[in-house]
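In: next comes the sequence, and after it the predicted model I'd like to discuss.
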Amino acid sequence: MAVELLTRPTTRSQYSDPVDRTAASSDASLVAGFVAGDETALKCLYDAHSRLVHSYCRRVVGPDHAADVTQEVFLAAWRSRDRYRPDAGTFTGWLMGIARFKAIDATRARARRPDTSDDEAGVDVPVSAGEADDLALRMLLTDALQQLPERARQMVELAFFEDLTHTEIAERTDQPLGTVKSDIRRGLERLRSHLEGFDAARS
Amino acid sequence: MRLVPDELAVSALSRDDATVLPTDPDDRADLADLRRIVTVGRTLTPADAATDDPPADLWGRIATSITEADDGPATVDTAPEPVGGAQVVRLESRRRTWQVLATVAAALVLVVAAAGIIVNRSSGSGTELVASTDLALLEGGGSGSAELLKRSDGMHLVVDVADLSPAERADFYELWLLTPDGKDPQSLTKFTKQGGTIDVALPPGVSTTKFPVVDISEEIDDGDNSHSGKSILRGSLA
């Protein structure tokens, strides 16, 4: 932190735009601030991730409880912030790992209560842990894909959704094959670090 | 011998069942990880996108909970917690506390803003352009320019960048000042955005006479605070 003390401007805007997560998922210094207990850093991370976490919770526990569970997710992340390891995956992945726990717990807690009168009519609530797990992974990867640099995102999407080979992607995007290969490799590695963060929250 | 990472990624995406598994155990493990991503990735649909913002007061509730009960980091609690029910009462009182805090904060913002306007008026335009430079692309991608501004509160370096991309890999970018021969890097700030304005106050003791060269580098988050040696953009203030 010594370097940051010397070099940081003193305003609240010391952190770069939290919505602009780009290739780094979350500004490394922002996450460092969070781990060190800086509430401003938590606010920035909340701004950048609350939509993802809330959308996920909404789909697992239904609209009536989504906000409460989202709150629990961020509080749990805050309380266990000293357990987050940046070298073991991204913050986004780790947070979604916690969201998965909290959402499944909430679903189970409700299932145990006999007076569950608000059964979320019309809402497609996945009940099994496996489904909640799968959905967390899908929403995490979708979000992570959107955070990739534009060119890499486009190439990975062509490989995923249009099933193009590297050579076909090179033709389609008018890029050298070597660029396609390294962009896709970096993109997949980036997605992988999100998955590692997700897995790290379970251990 | 280990495979080139690019080729592992090609294998992970291959539909060809005849693809030969790598012999190196680490390669096999990497390939399995990448295949897991590819398998899920191929089944993603637009319905997997996050679309629901939480209620506007949710951050207030979280902030209040933290302020009320911040007893430092504890172990992760994964035990089931009741949802709703008895919590509702507590949330109401938290909300009131937060509203008071928010009102105080809003009042402070007004005072500071008013003070800012007065200071600005009394010092004329308040900003003087001291030096500037275009930033040349060294590796990776992007463009930019830098201005050294003298403001009432001191010297600021304001850098505009567009379409930054690393040559290899960047967890973040870092803005530096260097000596005329490109040595002794002084870190000004780290950032992740690929385009936009970075506005930093020059730290005490860092003068652009001694450090006139503006440099933006790609950095990986490896705990090493020194310059990576990989500069994307560079220019000399004049």
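Out: Arrived safely.

In: all helices for chain A, in order.
Out: A:2-7, A:28-35, A:39-61, A:66-79, A:91-112, A:129-147, A:150-161, A:166-173, A:177-200 (DSSP state H).

In: which stretch in these is the model least sure about?
Out: Among these, helix A:2-7 has the lowest mean pLDDT, at a mean of 32.

In: in CSV, list the helices of chain A along with distance to residue B:231.
Out: Backbone N, C-alpha and C define where each C-beta goes, glycine included. Shown next, in CSV, are the helices of chain A (distance: least, C-beta to C-beta, whole Å):
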stretch, distance to residue B:231
helix A:2-7, 17
helix A:28-35, 19
helix A:39-61, 27
helix A:66-79, 35
helix A:91-112, 27
helix A:129-147, 24
helix A:150-161, 21
helix A:166-173, 27
helix A:177-200, 20
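
In: turn these into TSV, including distance to chain B and mean neighbour count.
Out: Shown next, in TSV, are those (distance: least, C-beta to the nearest C-beta, whole Å; neighbours: other C-beta atoms under 10 Å in any protein chain shown):
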stretch	distance to chain B	mean neighbour count
helix A:2-7	5	14
helix A:28-35	4	22
helix A:39-61	4	23
helix A:66-79	5	24
helix A:91-112	4	23
helix A:129-147	4	20
helix A:150-161	5	19
helix A:166-173	6	16
helix A:177-200	4	21
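
In: give me the helices and strands touching whatever helix or strand residue B:232 lives in, please.
Out: Assigned by DSSP states H and E, residue B:232 falls within strand B:231-236. Contact analysis of strand B:231-236 by 3 or more C-beta pairs under 8 Å, 6 or more residues apart in numbering or on different chains; DSSP states H and E lists strand B:127-137, strand B:141-151, strand B:154-165, strand B:213-219 as its packing neighbours.

In: now do the buried residues in it.
Out: B:231, B:232, B:233, B:234, B:235, B:236 (16 or more other C-beta atoms under 10 Å in any protein chain shown).

In: per-residue confidence at the first one?
Out: In other words, residue B:231. 90.

In: repeat for the fourth one
Out: Predicted confidence (pLDDT) at residue B:234: the value is 91.

In: ok, for it, nearest residue in space, not its chain neighbours?
Out: residue B:215 (4.9 Å; C-beta to C-beta, 6 or more residues apart in numbering or on different chains).

In: what does the third one give?
Out: For residue B:233, the nearest residue in space outside its immediate sequence neighbours is residue B:135; the separation is 3.8 Å by C-beta to C-beta, 6+ apart.

In: what about that neighbour, distance to residue A:33?
Out: 28 Å (C-beta to C-beta, to the nearest Å).

In: kindly report the same for residue B:26.
Out: Counting by C-beta to C-beta - residue B:26 and residue A:33 are separated by 34 Å.

In: please apply the same query to residue B:28.
Out: Counting by C-beta to C-beta, the gap from residue B:28 to residue A:33 is 38 Å.

In: check residue A:58 too.
Out: 28 Å.

In: which residues touch the residue nearest to residue B:233?
Out: Residues counted as contacts of residue B:135 (C-beta atoms under 8 Å, 6 or more residues apart in numbering or on different chains) are B:143, B:144, B:145, B:146, B:159, B:161, B:214, B:216, B:233, B:234, B:235.

In: ok, now which ones touch the nearest residue to the first one once chain neighbours are set aside?
Out: Across the structure, with C-beta to C-beta, 6+ apart as the measure, the residue nearest residue B:143 apart from its sequence neighbours is residue B:162 (5.3 Å). With contact taken as C-beta under 8 Å, 6+ apart, residue B:162 is in contact with B:142, B:143, B:144, B:194, B:195.

In: of those residues, which is the nearest to residue A:84?
Out: Proximity of the contacts of residue B:162 to residue A:84 (C-beta to C-beta) peaks at residue B:194, which lies at 25.1 Å.

In: where does the prediction get shaky in chain B?
Out: Applying pLDDT under 70 to chain B flags the ranges B:1, B:17-20, B:68-126.

In: give me that answer again for 50
Out: Applying pLDDT under 50 to chain B flags residues B:72-94, B:116-124.

In: any idea how far the residue nearest in space to the middle of it lies from residue B:218?
Out: Note on chain B: the residue nearest the mean C-alpha position is residue B:192, at 3.7 Å, using C-alpha atoms, centre = their mean. From residue B:192 across to residue B:218, the span is 11 Å (C-beta to C-beta).

In: now the common contact residues for the two.
Out: Counting by C-beta under 8 Å, 6+ apart, the residues touching both residue B:192 and residue B:218 are residue B:173.

In: what's near enough to touch the residue lying closest to residue B:49 once chain neighbours are set aside?
Out: Spatially, and ignoring its direct neighbours in sequence, residue B:49 is nearest to residue A:142 (5.3 Å; C-beta to C-beta, 6+ apart). Shown in contact with residue A:142 (C-beta under 8 Å, 6+ apart): B:44, B:48, B:49, B:50.

In: can I get these in JSON lines with neighbour count and secondary structure?
Out: Formatted as JSON lines, those follow (neighbours: other C-beta atoms under 10 Å in any protein chain shown; DSSP: H, G, I helix; E, B strand; the rest coil):
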{"residue": "B:44", "neighbour count": "18", "secondary structure": "coil"}
{"residue": "B:48", "neighbour count": "20", "secondary structure": "helix"}
{"residue": "B:49", "neighbour count": "16", "secondary structure": "coil"}
{"residue": "B:50", "neighbour count": "20", "secondary structure": "coil"}
